[in-house]
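K.L.:
sharing a model that was predicted from the sequence below.
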Amino acid sequence: MRTPTLHRCLAVIAFAIAAVTGPARADDLVVSAASSLTNAFQSVAKAYETQHPGTHVVLNFGSSDTLLRQIANGAPADVFASADQVAMDKAQSQRAITADSRVDFAANQLVLIVPAGGAKVATLNDLTGAAFKRIAWGDPASVPVGRYTKSVLDRAGLTSRLQNKAVLAANVRQCLNYVMRGEVDAGFVYATDAAIARGRVIVAMRIPSTTPITYPIAVVSQTTHSDEARDFIAFVRSPQGQQLLADAGFLAP
């Protein structure tokens, strides 16, 4: 499995620095959310702050499993929004979230993208051809989009055949960036990620997932802002919050 060296180093540095939108104060509402929610939750946070002038929302983005590890290790967080049920199941089993606050709030689709001007794809089997030397997808061990992708490739009998072409990404946005920069010949991302790169990548295929791609959200157990955290979740599920998610390409759960 190969990863472009320079960008691998940059990814490690970025992880070490942390992916928050700014330093969190004790009275801030910290929302740890999956990378694929970056654009949508930036809009949601602004709208929420407009309705709650006394609240400052700090957004922390990363792969769902990485965020859970941060929370489990005591990093400040009030709300956790995951890109799959597996990460949230882990959070619940570790009692990192308040179980009765858990609810699904969005859905997505898996797509295969290629760089603008890249090779055409008719079926997943085409990825075994010489035109596709490197293919990016999320690391299944820690990234939800990687788990969805592996499930699809397993079902198609292609996982082992594509293994030597795999460039495993630390999160879905890294996978998107690899394709946008032409460092790989194809990549698996969510439809919402492909939409923000329109013109720089081409959606070659929309791929039915073996399991529904749904996003759960919950209050973090260690929060000292339980009421505010529940208010934020309610806003995400409100007509205004759902419209902002729809504007970003997300589907109803």
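P.N.:
Okay, I see it.
K.L.:
okay, CA-based contacts and neighbour counts for the rest of this
P.N.:
Noted.
K.L.:
identify the residues contacting stretch 237-248?
P.N.:
39-41, 43-44, 105-106, 192, 235-236, 251-252 (Cα atoms under 8 Å, 6 or more residues apart in numbering).
K.L.:
which two of the residues you listed have the greatest separation?
P.N.:
Thr192 and Phe235 (20.5 Å; Cα to Cα).
K.L.:
between the two, which one's more packed in?
P.N.:
Neighbours per residue, other Cα atoms under 10 Å: of Thr192 and Phe235, the larger number sits with Thr192, 23 against 18.
K.L.:
next one: phi and psi at the more buried one?
P.N.:
Backbone torsions for Thr192, taken as degrees, to the nearest 10, come to phi -70, psi -30.
K.L.:
which among the contacts of stretch 237-248 gets closest to Arg161?
P.N.:
Set against Arg161, the nearest of those by Cα to Cα is Thr192 (27.6 Å).
K.L.:
now do that closest one against Gly249, distance only.
P.N.:
As judged by Cα to Cα, to the nearest Å, Thr192 and Gly249 stand 5 Å apart.
K.L.:
before we move on, what about His56?
P.N.:
25 Å.
K.L.:
who has more neighbours, these two?
P.N.:
For His56 and Gly249, the more surrounded residue by other Cα under 10 Å is Gly249, and the numbers stand at 21 against 18.
K.L.:
give me the pLDDT value at the more buried one.
P.N.:
Note on Gly249: pLDDT of 96.
K.L.:
what's the helix or strand hosting Lys150 in contact with?
P.N.:
Following DSSP states H and E, one finds Lys150 within helix 144-156. The contact list for helix 144-156, computed with Cα under 8 Å, 6+ apart, reads 63-65, 83-84, 86-87, 110, 124, 137-141, 159, 171-172, 188-190, 209-211, 213.
K.L.:
could you pull out the helices for the stretch 51-200 of the chain?
P.N.:
In the stretch 51-200 of the chain, the helices defined using DSSP state H, counting those that start in this stretch lie at 64-72, 85-93, 144-156, 159-162, 172-180, 191-196.
K.L.:
okay if I get these as TSV plus distance to Ala218 and mean pLDDT?
P.N.:
Below are the helices of the stretch 51-200 of the chain laid out as TSV (distance: least, Cα to Cα, whole Å; pLDDT from 0 to 100):
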stretch	distance to Ala218	mean pLDDT
helix 64-72	12	97
helix 85-93	8	98
helix 144-156	17	96
helix 159-162	33	96
helix 172-180	21	97
helix 191-196	22	96
